[in-house]
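Enquirer: What shape does this take:
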Amino acid sequence: MSWPVEIGAERTVRGALRDAMGRLGAANVPSHALAAELLLMHAVGSDRAWIYSHPEALLDIDTTRRFFELVAQRAAGVPTQYLTGKQEFWGLEFEVTPAVLIPRPETEHVVEVAIERLGERRRREDLRVADVGTGSGCIAVALAHELRGAEILATDISGAALEIAQRNAERRGVAERIRFAECDLLEAAATEDWLFELIVSNPPYVARNEEAQLPREVREHEPREALFAGTTGTEIYGRLITAASRHLRAGGSFVVEIGYSTAEHIGQLLDCAAWRDVLVTNDLAGIPRVISAERT
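Expert: As a prediction, this is how the structure comes out:
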């Protein structure tokens with residue numbers, strides 16, 4: 001890697017930011033200007049307002065070196081969120097590491113639909129909710145933040161992911177209302193015969209043959225077990241729907257994120273006597289993103 005100037009020296013904020021934007025732009029990094037800003041904010045421990053109000057401030061040698069090391073990693077494909085260790089979701093800041101999928105804005109539709117489905121039940125003090133495949137815990141924590149009386153079971157097959165989710169719950173002050181369990185789907189609920197008013201999930205739904213179509217950042221750095229579901233990308237939904245039907249109360253709600261072009265197939269899985277009021281919700285780009293139903 002060569003830089004337009006020597007990085008082992010003090011640099012101004014403006015100069016460092018300009019050079020980083022150029023390097024990331026040359027590497028075809030998406031939203032390269034924003035990435036440069038976020039990495040500089042992280043390196044100096046300040047917000048965007050400080051950066052743009054102090055363009056002539058000098059960065060010391062250690063900060064300059066640390067910043068351009070981050071820029072080099074981003075240019076090589078490492079996601080910005082893994083470099084800064086954080087991502088916003090539902091207006092809350094979450095810790096993220098390569099052990100968990102980076103929360104996406106589109107997944108906020110799961111939270112929105114879940115709250116809408118609950119209606120007045122969301123005010124209950126004995127509300128039981130399950131989040132299957134919790135990852136960073138973003139959905140479970142967001143729901144705990146909104147549903148003050150809810151007791152939540154958050155499951156994942158990855159112990160490393162659950163450690164991150166636990167820390168996020170503690171950081172947001174909701175850990176006492178979320179139980180984390182390392183298991184497949186809802187096995188932890190089966191051992192205690194739990195029934196829920198709401199079951200949500202953002203399961204793996206990328207088909208194996210679609211791997212090459214994913215952005216490099218996703219394909220090379222995000223956890224494969226959180227991305228890929230099998231040959232078609234829909235393999236997990238049958239098992240998930242069966243598990244949900246066993247653990248939802250009558251009238252309980254099931255809300256799940258879905259992959260591109262899979263709404264019809266998953267809708268067919270829900271087209272049976274166990275379910276009613278099946279609804280597909282599009283994201284802001286008009287793509288079917290969430291499917292929900294009510295247990296009969």
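Enquirer: quick one: low-confidence parts of the stretch 151-296 of the chain?
Expert: Of all residues in the stretch 151-296 of the chain, none has pLDDT under 70.
Enquirer: one more time with 90, if that's ok
Expert: Where the stretch 151-296 of the chain drops to pLDDT under 90, the residues are 190-194, 229-230, 260-261.
Enquirer: What ranges does it have for its strands?
Expert: Shown for the stretch 151-296 of the chain, the strands assigned by DSSP state E, counting those that start in this stretch span residues 178-182, 196-201, 206-207, 228-230, 248-257, 275-282, 288-295.
Enquirer: Which stretch among the ones you listed is buried most, on average?
Expert: The highest mean neighbour count among the strands of the stretch 151-296 of the chain, using mean count of other C-beta atoms under 10 Å, belongs to strand 196-201: a mean of 26. Heads up, the C-betas are built off the backbone N, CA and C, glycines and all.
Enquirer: How far does that one sit from its chain's centre?
Expert: How far strand 196-201 lies from its chain's middle: 17 Å, per C-alpha atoms, centre = their mean, to the nearest Å.
Enquirer: what residues does it touch?
Expert: 110-111, 114, 117-118, 121, 124, 127-133, 139, 143, 153, 186, 189, 240, 244, 247-249, 252-257 (C-beta atoms under 8 Å, 6 or more residues apart in numbering).
Enquirer: filter those to the buried ones?
Expert: 110-111, 114, 117-118, 121, 127-133, 139, 143, 153, 186, 189, 240, 244, 247-248, 252-257 (16 or more other C-beta atoms under 10 Å).
Enquirer: Of the contacts of strand 196-201, which belong to helices?
Expert: 110-111, 114, 117-118, 139, 143, 189, 240, 244, 247 (DSSP state H).
Enquirer: count of neighbours near Gly135?
Expert: If you count neighbours by other C-beta atoms under 10 Å, Gly135 ends up with 27.
Enquirer: swap in Arg148?
Expert: Arg148: 12 neighbours (other C-beta under 10 Å).
Enquirer: ditto for Glu225
Expert: Glu225 has 14 nearby residues by other C-beta under 10 Å.
Enquirer: Also Cys272?
Expert: Neighbour tally, Cys272, other C-beta under 10 Å: 11.
Enquirer: how far away is it from Glu264?
Expert: The gap separating Cys272 from Glu264 is 15 Å, by C-beta to C-beta, to the nearest Å.
Enquirer: how far away is Ile258 from Pro203?
Expert: 9 Å.
Enquirer: which of these two has more neighbours?
Expert: Using other C-beta under 10 Å as the criterion, Ile258 and Pro203 rank with Ile258 on top: 23 against 20.
Enquirer: what about the strands of the stretch 151-296 of the chain, which gets the closest to Arg216?
Expert: Closest approach to Arg216 among the strands of the stretch 151-296 of the chain is made by strand 206-207 (14.5 Å; C-beta to C-beta).
Enquirer: Pairing partners for that closest one, with directions?
Expert: Taking DSSP bridges as the criterion, strand 206-207 sits next to strand 228-230 (parallel) in its sheet.
Enquirer: Tell me who's in contact with the residue most central in space within the chain.
Expert: The centroid of the chain falls nearest to Pro103 when counting by C-alpha atoms, centre = their mean (1.8 Å). When contacts are counted by C-beta under 8 Å, 6+ apart, Pro103 touches 87-89, 94, 96, 135-136, 138.
Enquirer: quick one: which of the residues you listed sit in strands?
Expert: Of these, the ones assigned to strands by DSSP state E are 87-89, 94.
Enquirer: Select from those the one having the most neighbours.
Expert: That'd be Phe94 among the ones in strands among the contacts of Pro103, by other C-beta under 10 Å, with 26 neighbours.
Enquirer: isn't that one right up against Glu88?
Expert: Yes: using C-beta atoms under 8 Å, Phe94 is in contact with Glu88, at 7.3 Å.
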